[in-house]
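Student: Based on what follows, work out the 3D shape:
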Amino acid sequence: MPNYRRVWVPGGTYFFTVNLLERRRSLLVDHIEALRGAFRSARRARPFEVVAMVVLPDHLHDCGGFGHPPFRKSLTRLIEQV
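Tutor: Below you'll find the model as predicted:
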């Protein structure tokens, strides 16, 4: 996995993409209610702002504010647990 350098500005808005490991699956749209529940749970654990989100069968795009850098990593872990 590449080790990208990323600029982090407190209070900034960021874009990220999450892909399924098995790209031929359609789990995100097949289980959209579970995904919504996971985001609600993650937001209760670590509040963050969702500006926009696009959910496709095998990946999702999200744009939002995520707090400070250590928070970003813990949020990513929460979402990936779904």
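Student: Report the contact partners of the residue of the chain positioned farthest from its centre.
Tutor: Each residue of the chain has a distance to the centre, and by Cα atoms, centre = their mean the biggest one is for R24: 19.6 Å. By Cβ atoms under 8 Å, 6 or more residues apart in numbering, the contact set of R24 is D58. (Each C-beta comes from the backbone N, C-alpha and C, glycine too.)
Student: Please report how far it lies from D58.
Tutor: 7 Å (Cβ to Cβ, to the nearest Å).
Student: So which residues of the chain form strands?
Tutor: Counting by DSSP state E, residue ranges of the strands within the chain are 14-19, 49-55, 59-65.
Student: Going by neighbour count, which residues in the shortest one are buried?
Tutor: Think strand 14-19. Neighbour counts over strand 14-19 (16 or more other Cβ atoms under 10 Å) mark Y14 as buried.
Student: what's the answer for the last one, then?
Tutor: With burial defined by 16+ other Cβ under 10 Å, the residues of strand 59-65 counted as buried are L60, D62.
Student: Just the CA atoms of that strand, as CSV, please.
Tutor: Output in CSV follows, covering the C-alpha atoms of strand 59-65 (Å, rounded to 0.1, in the frame of the first residue of the first chain):
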residue,chain,number,x,y,z
HIS,A,59,-17.1,1.8,-3.4
LEU,A,60,-18.2,5.1,-1.8
HIS,A,61,-17.0,8.7,-2.0
ASP,A,62,-17.3,11.1,0.9
CYS,A,63,-16.6,14.7,1.4
GLY,A,64,-16.6,16.1,5.0
GLY,A,65,-14.8,17.5,8.0
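Student: Taking strand 14-19 as reference, get the angle to it.
Tutor: With axes from the mean of the first three to the mean of the last three Cα atoms, to 10 degrees defining the directions, strand 59-65 sits at 160 degrees from strand 14-19.
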